[in-house]
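Asks: I'd like to go over a predicted model; first the sequence, then the structure.
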Amino acid sequence: MKLIEIYNINKEKYDKYIIIIRCGYFYETYGEEAYIIHKIFGYKIKEVSGSIRVGFPINSYNKVTNKLNKLKINYFIINENTKVKFKENNYSKYL
């Protein structure tokens, strides 16, 4: 299954969450969440096969999750076979 398909399936379930998917040595997010991550962290937005995405290296995991926690932004992380979620309420504010 392609990462964008995994993103779309989870986005239906977790609409007001930033869906973050591990891909090798990077984490990626797509769509409107890419703009949120770009705005907060300055990571580059890329367009690949008609999809907007932002990626960041795995060594930035703590930096990203700590900042999202501080800003109280919903996120859902798909990390290999482990899924971790944190729920707060400021997703729409940052979108």
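Replies: In hand now; what should we look at? Residues are numbered from 1 along each chain as shown.

Asks: Then residue 15 would be within a strand, right?
Replies: No - assessed with DSSP: H, G, I helix; E, B strand; the rest coil, residue 15 is coil; it does not lie in a strand.

Asks: Quick check on it: phi, psi?
Replies: phi -60, psi -40 (degrees, to the nearest 10).

Asks: any idea of the pLDDT on it?
Replies: Listed pLDDT for residue 15 reads 87.

Asks: and it, how many neighbours?
Replies: Residue 15 has 10 neighbours, counted by other Cβ atoms under 10 Å. Using the backbone N, CA and C atoms, a C-beta is placed for each residue, glycine as well.

Asks: so how far is residue 25 from it?
Replies: In this view, residue 15 and residue 25 are 29 Å apart by Cβ to Cβ, to the nearest Å.

Asks: ok, which stretches of this protein are helices?
Replies: Assigned by DSSP state H, the chain shows helices spanning 3-13, 31-41, 61-71, 91-94.

Asks: can you put those in a markdown table and add mean neighbour count and distance to residue 21?
Replies: Below are the helices of the chain laid out as a markdown table (neighbours: other Cβ atoms under 10 Å; distance: least, Cβ to Cβ, whole Å):
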| stretch | mean neighbour count | distance to residue 21 |
| --- | --- | --- |
| helix 3-13 | 14 | 5 |
| helix 31-41 | 18 | 11 |
| helix 61-71 | 14 | 12 |
| helix 91-94 | 15 | 17 |
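
Asks: how about CSV for those helices, with distance to residue 53 added?
Replies: Output for the helices of the chain, formatted as CSV (distance: least, Cβ to Cβ, whole Å):
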stretch, distance to residue 53
helix 3-13, 8
helix 31-41, 5
helix 61-71, 15
helix 91-94, 17
